[in-house]
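Enquirer: structure of the sequence below:
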Amino acid sequence: MKRVICVIVLICLSFTLFGCSKSTDNKPNSKKQLQNEVLQCFIDNDTETLKNMFCATSQRNQDLENEIEKAMHLIDGEICDYSFSRSSESKSVDDGELSLYEYSLQIDEIKTTAGETYLISFGYREVCLENPNSIGIMSMSVYKKNENSTD
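Expert: Predicted coordinates for the structure are as follows:
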């Protein structure tokens, strides 16, 4: 009977230890997933989903949907290549608690079937204890890259 109990305890411990062997910090994965979701909105011309990714404060802007449509129409051709990058990150901790966490991400070297190259840059706020309505995409810019400059 003691052997059976020991085997059961060892099996339970092994499952617990194997479950802890992976890192639980999934922030880099979630940032990449966020970039993928934004890019997919541009590929699918999905203004509604992209609008819903913006923070509540930005969504109150009555011209937001129109601005998103303009940005989507700026990209000429089908997207066929791209790369992801992270440009900056900011954290604030008050009394041991994360009170603000925001970062800016880029979808860079977006190449299209029309031979054009673009850059999408956006700021995302993940934590804001002071103003929960500002959680989400805060701002976004779409740039067309030329040989010598970015418009």
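
Enquirer: give me the three-state assignment for the residue nearest the centre of the chain.
Expert: Residue closest to the average C-alpha location in the chain (C-alpha atoms, centre = their mean): Leu34, at 2.5 Å. For Leu34, the assignment made with DSSP: H, G, I helix; E, B strand; the rest coil gives helix.

Enquirer: residue contacts, it?
Expert: Contacts for Leu34 were tallied using C-beta atoms under 8 Å, 6 or more residues apart in numbering; they are Leu105, Tyr124. The way it works is simple: take the backbone N, C-alpha and C, and place the C-beta from them, glycine included.

Enquirer: tell me which helix or strand Glu69 sits in.
Expert: Glu69 is located in helix 64-74, with elements delineated by DSSP states H and E.

Enquirer: where's the spatially closest residue to Ile107 that is not a sequence neighbour, which helix or strand?
Expert: Nearest residue to Ile107, sequence neighbours excluded (C-beta to C-beta, 6 or more residues apart in numbering): Ile120, at 4.3 Å. In this structure, Ile120 sits in strand 117-128 according to DSSP H and E.

Enquirer: state the mean pLDDT of the helix or strand following that strand.
Expert: Counting by DSSP H and E, the next helix or strand C-terminal to strand 117-128 is strand 136-145. Averaged across strand 136-145, pLDDT comes to 95.

Enquirer: who are the packing partners of strand 136-145?
Expert: Counting contacts by 3 or more C-beta pairs under 8 Å, 6 or more residues apart in numbering; DSSP states H and E, strand 136-145 packs against helix 56-59, helix 64-74, strand 117-128.

Enquirer: give the buried residues for the second one.
Expert: Judged by neighbour count using 16 or more other C-beta atoms under 10 Å, the buried positions of helix 64-74 are Leu64, Ile68, Ala71, Met72.

Enquirer: ok, those vs Phe42, which is closest?
Expert: Minimum distance to Phe42 across these is 6.0 Å, recorded for Met72 (C-beta to C-beta).

Enquirer: dihedrals phi and psi, the nearest residue to the closest one once chain neighbours are set aside?
Expert: With C-beta to C-beta, 6+ apart as the criterion, Met72 has its nearest non-adjacent residue at 5.5 Å, and that residue is Asn45. Phi and psi for Asn45, reported as degrees, to the nearest 10, are phi 60, psi 40.

Enquirer: number of nearby residues for Asn45?
Expert: By the criterion of other C-beta atoms under 10 Å, Asn45 has 11 neighbours.
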